[in-house]
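1. Next comes the sequence, and after it the predicted model I'd like to discuss.
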Amino acid sequence: MVIRAVVWDVDDTLFDYTTADREGMRAHLAAEGMLARYGSAEEGLAHWREVTDQQWARFAEGGLTFEDQRRDRVRIFTGRDLTDAEADTWFARYLVHYETAWSLFPDVLPVLDALADSHRHAVLSNSSLPVQDHKLRALGVHDRFESILCAVELGVSKPDAAAFLASCEALGLSPQEVAYVGDHPEIDGRGAADAGLLSVWIDRTGATAAVDLPTGRHRIVGLAELPALLGADTRFGAQSTFG
């Protein structure tokens, strides 16, 4: 079946989250006078990411609200018993540094331009709509997408098939007519494939070149490969064209 639309993950797929997070936290630790607490900015960032992953897992399981997972990240990271307002203020100061470092990957605008006439586009993110709506507007690509769906508002997150199917429903297309592009091999890659979409995992690091993907999942190392993949035999279950 012909692929008519591409649904996109945002962080570390379109938006260089890893770099922005690293540079933003480095600047924030310096501004907060917290560098001395760690051996280096890299150690501080590693702790921040560990705490983030732990609290996000609690949120994904339904144990926290989106706002509370942010507040608990701050409390655990700083080691301080902050009120909600104090934690929100600390996080807002971090956001100033983080947003200063925001950028799209260099291959994003070229591929969106290349596919603008041939495919429809949407976003599905395990974040919240206010966060990703603001981010996509700031990055200048918000108007490229027909729909923007996020886990907080949907009440279900990737890799649950219901999240992917909600994106298909928003586009009025069957899963077999939709490709999903994301950076996580399980949350994005497996989740999309299990939901019946054409699954495209973007492995920008190229660290797993020998990976043997299950049927129905494709791997690319840059978005320049995507138009050819979508223009080739894109029937669900086709073998990866990578390598």
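-> On my side now, so go ahead. Predicted, not measured: the structure shown is a model, and the values here were computed from it. Numbering: from 1, shown residues only.
2. Could you identify the longest helix within the chain?
-> Secondary structure of the chain read by DSSP state H shows that its longest helix is helix 41-60.
3. what's the spacing between that one and its chain's center?
-> 15 Å (Cα atoms, centre = their mean, to the nearest Å).
4. Show me which positions of that helix end up buried.
-> Using 16 or more other Cβ atoms under 10 Å as the test for burial, helix 41-60 gives 41, 44-45, 48, 51-52, 55-56, 59-60. Bear in mind the C-beta positions are built from the backbone N, C-alpha and C, glycine included.
5. Could you pull up the residues touching Leu154?
-> Contact analysis of Leu154 by Cβ atoms under 8 Å, 6 or more residues apart in numbering lists 162-163, 166.
6. just the buried members of the residues you listed?
-> Buried among the contacts of Leu154 (16+ other Cβ under 10 Å): 163, 166.
7. For Ala20, state which of the contacts of Leu154 is nearest.
-> Ala163 (23.9 Å; Cβ to Cβ).
8. Show the model's pLDDT score for the closest one.
-> If you check Ala163, the pLDDT there is 98.
9. hang on, it is in a helix, isn't it?
-> Yes: counting by DSSP: H, G, I helix; E, B strand; the rest coil, Ala163 falls inside a helix.
10. Can you give the domain ranges for this structure?
-> As recorded under automatic domain parsing, the domains making up the chain are 5-16+103-231, 17-100.
11. need the helices for this protein, in chain order.
-> With DSSP H as the criterion, the chain has helices spanning 17-32, 41-60, 66-78, 84-100, 108-115, 129-138, 151-154, 161-171, 191-194, 226-231.
12. any idea how far the fourth one is from the chain center?
-> Averaging C-alpha coordinates over helix 84-100 and over its chain gives two centres that are 20 Å apart (Cα atoms, centre = their mean).
13. still on that earlier bit, from the helices of the chain, which stretch is densest packed?
-> helix 191-194 (a mean of 24; mean count of other Cβ atoms under 10 Å).
14. Tell me how far Gln176 lies from Cys168.
-> 9 Å (Cβ to Cβ, to the nearest Å).
15. shared neighbours of those two, anything?
-> Taking Cβ under 8 Å, 6+ apart as the criterion, Gln176 and Cys168 both touch Leu197.
16. quick one: which of the buried residues of helix 41-60 is nearest to Met1?
-> Ala60 (31.0 Å).
17. Find the centremost residue of the protein, please.
-> Most central in the chain under Cα atoms, centre = their mean is Asp11, positioned 3.1 Å from the mean C-alpha point.
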